[in-house]
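Asks: Got a predicted structure here, sequence first:
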Amino acid sequence: MSQRGETNRLVYEADLLLRIDSVPDDALVARTRALEEGAALLLEQALVSLLVEIDDSTVWQSGQWRGQLMASTIQRAELIQLAELLRRPDSWLSLLLDECAAVVPAGRAATPAAGEVMIATTRLSRREVLTQAVIEFKALAAALRHTNEEW
């Protein structure tokens, strides 16, 4: 499969997970969390795949790609655009990566602590953040591919 095909497959699978409706039952919370966490991690993998697709001369390492992208030595316009999105805490990419970090904090799956209380806020739900990330990712991938192909 081509790198572009791999990127598209990962985004498609994340989108599919987000479209699955959870049936209300005893496992609703766990199933919803599993679907959303799976989608978040697929989107992060898709982002690494997109980095490889755009710049195959760099070895994009799964655990270190953020540091690599934020390095001051980045020269490619497409990568600079992604780095700028990462620097903005309110960008869809930053929100996506916050969700990814919540899934696997320090190498373990995230679970609510016993007695932890969830407080309602105006913050978007995880599903809303991830759904928006899928939409924005698709648009950004198309734009980055277009400028990359021009060169």
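Replies: The structure has been received and is ready for your questions.
Asks: residues of the lengthiest helix in the chain that come out buried?
Replies: Criterion DSSP state H: the longest helix present in the chain is helix 28-54. Residues of helix 28-54 classed as buried under the neighbour-count rule (16 or more other CB atoms under 10 Å) are 32-33, 35-54. Using the backbone N, CA and C atoms, a C-beta is placed for each residue, glycine as well.
Asks: Where does pLDDT dip in this structure?
Replies: Scanning the chain for pLDDT under 70 picks out 105-122, 148-151.
Asks: coming back round to it: follow the chain on from the longest helix of the chain and name the next helix or strand.
Replies: Per DSSP states H and E, the first helix or strand lying C-terminal to helix 28-54 is helix 65-70.
Asks: Distance from the chain centre to that following helix, please.
Replies: Averaging C-alpha positions (CA atoms, centre = their mean, to the nearest Å) puts helix 65-70 14 Å from its chain's average.
Asks: What lies in contact with it?
Replies: Contact partners of helix 65-70, identified using CB atoms under 8 Å, 6 or more residues apart in numbering, comprise 47-48, 51, 58, 60-61, 79, 82-83, 86-87, 97.
Asks: how deep is S2 tucked in, by neighbour count?
Replies: 8 (other CB atoms under 10 Å).
Asks: distance of it from R9?
Replies: 10 Å (CB to CB, to the nearest Å).
Asks: L93 and A83 touch, don't they?
Replies: No - using CB atoms under 8 Å, L93 makes no contact with A83, being 9.8 Å away.
Asks: Quick one: list the elements packing against the host helix or strand of L82.
Replies: Following DSSP H and E, one finds L82 within helix 77-87. Under the contact definition 3 or more CB pairs under 8 Å, 6 or more residues apart in numbering; DSSP states H and E, helix 77-87 sits against helix 28-54, helix 65-70, helix 92-103, helix 126-150.
Asks: returning to that earlier point: please report which of the contacts of helix 65-70 has the highest neighbour count.
Replies: When neighbours are counted by other CB under 10 Å, L47 leads the contacts of helix 65-70 with 26 neighbours.
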